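Participant: Sequence isn't available, so here's the structure alone:
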């Protein structure tokens, strides 16, 4: 995927800027203003195309644990070598927690704290899964059944926004076979040690917190957030702030919204539009992790398109129109389409990428 994006940017001479931190997005009249250090962008439209995995969530009990206990968030975890000798308490029994616990159990005593969240009832690497079960779950259930277009999706969305997804690769029997000890959730600390919901106190040498993330969208200085810090939107469109769009958020339109095939569908209606003859100010797009924003020239979606960028020397005079699908993007391939419609080259004539994050750039 990274190779594909780099090749795409080179092919159409897109001026991508990376390593630049976005500090503020605000309203100015009918437009939007983005501040990135000494640089100021004015735009009719801004697409925030980053998910909410930006700021690791730290539970309240963490500050009350003994200073001798090594604490890491899953965001910073790379392997067992980061930990001191002794047992490990993994806090949070979602996919990250289960996989980390399974790895650590090979060489040390490991507890996994948190309620059982269920699991996909088949092996995702198995033949049956590849041929039928995974497409059924990913393409039908996650992509179509659990969406804001269905009654079941609308009922499930509030819960899915704040609860971990079922285990996908790791199974409960794998954890049991590896010797991982399941314990209730951690509710606090007693004398510097983790206190469990059932009153027990554990004595781990290490704690790995798989406790999720906070949105990390504090740089957006607009009244678009609910009490939990989640943006208020309708499948990515923000009615209260014309010109502001989101893509890549958890359950933005469906449970698949964070997956490649889901983002592709979600991005289509969130593309900024400008009326024929309207403003030509650039639209700013915030790209996905490692959290970035991109600025592109916004042409009319119903009138003439801005010209394609100049081609490198030696390129053919005609550029075939192309279109991409999430699957093609994942494979790093482009598919031609018949001539006649506006090309991706002219749609995305000018891009500028700037970083947007709440943590220091050096930590990326």
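Facilitator: Alright, I've got the coordinates. Note that the structure is a prediction, hence the values are computed from the model and not measured.
Participant: residues contacting the nearest residue to residue 137 once chain neighbours are set aside?
Facilitator: Excluding the flanking residues, the one nearest residue 137 by Cβ to Cβ, 6 or more residues apart in numbering is residue 120, at 6.5 Å. Every C-beta, even on glycine, is put in place using the N, C-alpha and C of the backbone. Applying Cβ atoms under 8 Å, 6 or more residues apart in numbering to residue 120 gives the contacts 137, 166-168.
Participant: Low-confidence stretches in the stretch 201-350 of the chain?
Facilitator: 269-350 (pLDDT under 70).
Participant: what do you get for the stretch 1-150 of the chain?
Facilitator: In the stretch 1-150 of the chain, no residues with pLDDT under 70.
Participant: What ranges does it have for its strands?
Facilitator: 21-22, 24-28, 31-36, 39-43, 46-48, 55-56, 70-73, 88-91, 110-113 (DSSP state E, counting those that start in this stretch).
Participant: quick one on the thing from earlier: return the members of the contacts of residue 120 classed as buried.
Facilitator: 137, 167 (16 or more other Cβ atoms under 10 Å).
Participant: out of the contacts of residue 120, who's nearest residue 223?
Facilitator: Nearest to residue 223 among those, counting by Cβ to Cβ, is residue 166 at 34.6 Å.
Participant: Phi and psi next, for the closest residue to the closest one other than its chain neighbours.
Facilitator: Spatial nearest neighbour of residue 166, excluding adjacent residues (Cβ to Cβ, 6+ apart): residue 118 at 4.3 Å. Note on residue 118: backbone dihedrals following degrees, to the nearest 10 are phi 90, psi 170.
Participant: For residue 254, which non-adjacent residue is closest in space?
Facilitator: Using Cβ to Cβ, 6+ apart and skipping the chain neighbours, the partner closest in space to residue 254 is residue 147 (3.6 Å).
Participant: how many neighbours does the one you found have?
Facilitator: 23 (other Cβ atoms under 10 Å).
Participant: That one: what's it in contact with?
Facilitator: Here residue 147 is in contact with 153, 253-255 (Cβ under 8 Å, 6+ apart).
Participant: Return the member of these nearest to residue 15.
Facilitator: Looking across these and measuring by Cβ to Cβ, the closest to residue 15 is residue 253, at 30.2 Å.
Participant: re the thing from before, mind picking the two most distant members of the contacts of residue 120?
Facilitator: Maximum distance among the contacts of residue 120 (Cβ to Cβ): 12.8 Å, for 137 and 167.
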